[in-house]
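*Asks:* Take a look and give me a structure for this.
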Amino acid sequence: MTFDRLSRRNLLLGAAGLTAAGALSACGRTEATVDEAGRVRLRLAAGGPVTAAHGGFYQAIATGTYERRGLNVEILTGAAGADIPALLAASAVELAVGVDSFAPMRLIADRAPVKAVAAFLQKDPVVLMARPDQPLEALSALRDRTILMSPADQAGFWNWLQTRFELTADQARPGTPEDNLKAFRDDPKAVLVGRLTAGDPTLIAREAGFTPRVLIPADDGYPSYSSLVLAPNAFARDNAKALRDFIAASVEGWRDYVHGDGSKADTLIRRANPDLNQRLLNAVRESLRTEAVVDGGDAALYGLGTMTAERWQAFAEQTEDAYPSAPDWREAFTVQYLPGRG
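*Replies:* The predicted structure follows:
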């Protein structure tokens, strides 16, 4: 079980003659291959740079949990903004990690037959950070303030934030991490978007010289899931046992990563992303525990990885203007492959 970086060739395959969504729709039977030991091979696209948001998957690799269920799982890493539909359409990967609930909703809007089959972060780990002397008790305090973010967040999280709190388009300031950090230092009223799972509050404290105020939008109504497992419908249909085994092993991995010894997973994470050090990952895992990011909410009632129709409907209603055509949120997910379901 290994991890590797997605090649440019794999990224381009999905565009050969068909759109990614069209290629996925045209898929026939898609039975997974097996290795020389008879284990089912599954490639999982990380969907961007590796962080603690992938911790449970790496834990299941490091501890042999996938192997014990007859799986050979490989995590393929890549840059932010990886073209998940193209990767799935090209059969460069069997599964992918979605950073938020926008991922499957946009796939459905594009008529790509892909569903979220599990959500291992019950709270989206997106955070808002401000200087310690600036108010940030609630999202309503954001009006008339510059909000620094990545281009990916402008295309995703910002859609919800702007609509929900009647913010203006000119408040959004997308930029590189370096530009955003400089602007955050220079503008005392600026608010910076980051991720708990990337250790951003700790990194900002180190780089900016002060401990920022931190607000978690998930605690103020943001209904997105994160670390979603995305599977093409045809693959799920033709490999139901392997998919159920993968999710069950991932449940074990996430439980052990958050509440057990995650050091073996962290070693693999740091190998895939040398910008993360062990002290930072320790702080992130503590945040995952104290904020109940993995096992809080519906997961406390129905088990890790769970999703509910109520959450998906709420997300769809609150982000309806983010898509060129309204997707049917019911087509964005299924719980039939979760442990104890189906």
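*Asks:* what's the offset of the longest helix seen in the chain from the middle of its chain?
*Replies:* Counting by DSSP state H, the longest helix found in the chain is helix 240-259. Relative to the mean C-alpha coordinate of its chain, helix 240-259 is positioned 16 Å out (Cα atoms, centre = their mean, to the nearest Å).
*Asks:* ok, now which ones touch the residue nearest to the spatial centre of the chain?
*Replies:* Central residue of the chain (Cα atoms, centre = their mean): Val99, 2.3 Å from the mean position. Contacts for Val99 (Cβ atoms under 8 Å, 6 or more residues apart in numbering) come out as Gly47, Gly48, Ala53, Ala152, Gly156, Ser226, Ser227, Leu228. Yep, even glycine has a C-beta here, placed from its N, CA and C like the rest.
*Asks:* picking up where we left off before, could you pull up the mean pLDDT of the next helix or strand after the longest helix of the chain?
*Replies:* Using DSSP states H and E, the next helix or strand after helix 240-259 towards the C-terminus is helix 263-272. Mean per-residue pLDDT for helix 263-272: 96.
*Asks:* between helix 263-272 and helix 240-259, how many degrees?
*Replies:* If you take axes from the mean of the first three to the mean of the last three Cα atoms, to 10 degrees, helix 263-272 sits at 100 degrees to helix 240-259.
*Asks:* could you dump helix 263-272 to PDB, C-alpha only?
*Replies:* The C-alpha trace of helix 263-272 is given here as PDB (Å, rounded to 0.1, in the frame of the first residue of the first chain):
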ATOM      1  CA  SER A 263       2.100   8.800  14.700                       C
ATOM      2  CA  LYS A 264       2.400   6.200  12.000                       C
ATOM      3  CA  ALA A 265      -0.200   8.000   9.800                       C
ATOM      4  CA  ASP A 266       1.600  11.400  10.600                       C
ATOM      5  CA  THR A 267       4.800   9.900   9.300                       C
ATOM      6  CA  LEU A 268       3.200   9.200   5.900                       C
ATOM      7  CA  ILE A 269       1.400  12.600   5.900                       C
ATOM      8  CA  ARG A 270       4.700  14.400   6.500                       C
ATOM      9  CA  ARG A 271       6.400  12.400   3.800                       C
ATOM     10  CA  ALA A 272       3.600  13.400   1.400                       C
END
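*Asks:* So Ile75, which state does it fall into?
*Replies:* Using DSSP: H, G, I helix; E, B strand; the rest coil as the criterion, the local structure at Ile75 reads strand.
*Asks:* right, and it touches Ala53 too?
*Replies:* No: using Cβ atoms under 8 Å, Ile75 is not in contact with Ala53; the gap is 12.0 Å.
*Asks:* Give me the more crowded residue out of these two.
*Replies:* Ala53 (27 against 24; other Cβ atoms under 10 Å).
*Asks:* distance of the residue nearest to the more buried one when sequence neighbours are not counted from Ile216?
*Replies:* Spatial nearest neighbour of Ala53, excluding adjacent residues (Cβ to Cβ, 6 or more residues apart in numbering): Thr197 at 4.0 Å. Here Thr197 is placed at a distance of 12 Å from Ile216 (Cβ to Cβ, to the nearest Å).
*Asks:* Can you spell out which helices and strands pack onto the longest helix of the chain?
*Replies:* strand 40-45, helix 55-62, helix 65-68, strand 71-77, strand 114-121, strand 226-232, helix 278-290 (3 or more Cβ pairs under 8 Å, 6 or more residues apart in numbering; DSSP states H and E).
*Asks:* would TSV of those with distance to Arg164 and mean pLDDT be doable?
*Replies:* Output for the helices and strands packed on helix 240-259, formatted as TSV (distance: least, Cβ to Cβ, whole Å; pLDDT from 0 to 100):
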stretch	distance to Arg164	mean pLDDT
strand 40-45	30	96
helix 55-62	29	98
helix 65-68	38	98
strand 71-77	32	95
strand 114-121	20	97
strand 226-232	18	97
helix 278-290	24	95
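*Asks:* quick one: which of those is nearest Leu88?
*Replies:* Across the helices and strands packed on helix 240-259, Leu88 has its closest neighbour in strand 226-232 (5.3 Å, Cβ to Cβ).
*Asks:* and the angle for that closest one with helix 240-259?
*Replies:* Strand 226-232 and helix 240-259 are oriented at 170 degrees to each other (the same axes, to 10 degrees).
*Asks:* one step back: could you export the longest helix of the chain as PDB, keeping only the C-alpha atoms?
*Replies:* The C-alpha coordinates for helix 240-259 follow below in PDB (Å, rounded to 0.1, in the frame of the first residue of the first chain):
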ATOM      1  CA  ALA A 240     -20.000  -3.000  -3.700                       C
ATOM      2  CA  LYS A 241     -18.200  -5.300  -1.300                       C
ATOM      3  CA  ALA A 242     -14.800  -3.700  -1.900                       C
ATOM      4  CA  LEU A 243     -16.300  -0.200  -1.400                       C
ATOM      5  CA  ARG A 244     -18.000  -1.400   1.900                       C
ATOM      6  CA  ASP A 245     -14.700  -2.900   3.100                       C
ATOM      7  CA  PHE A 246     -12.900   0.400   2.200                       C
ATOM      8  CA  ILE A 247     -15.400   2.500   4.200                       C
ATOM      9  CA  ALA A 248     -15.400   0.100   7.100                       C
ATOM     10  CA  ALA A 249     -11.600   0.100   7.300                       C
ATOM     11  CA  SER A 250     -11.600   3.900   6.900                       C
ATOM     12  CA  VAL A 251     -13.900   4.200   9.900                       C
ATOM     13  CA  GLU A 252     -11.400   2.200  11.900                       C
ATOM     14  CA  GLY A 253      -8.600   4.400  10.600                       C
ATOM     15  CA  TRP A 254     -10.300   7.600  11.500                       C
ATOM     16  CA  ARG A 255     -11.300   6.400  15.000                       C
ATOM     17  CA  ASP A 256      -7.700   5.400  15.600                       C
ATOM     18  CA  TYR A 257      -6.200   8.500  14.100                       C
ATOM     19  CA  VAL A 258      -8.200  10.800  16.300                       C
ATOM     20  CA  HIS A 259      -8.300   8.900  19.600                       C
END
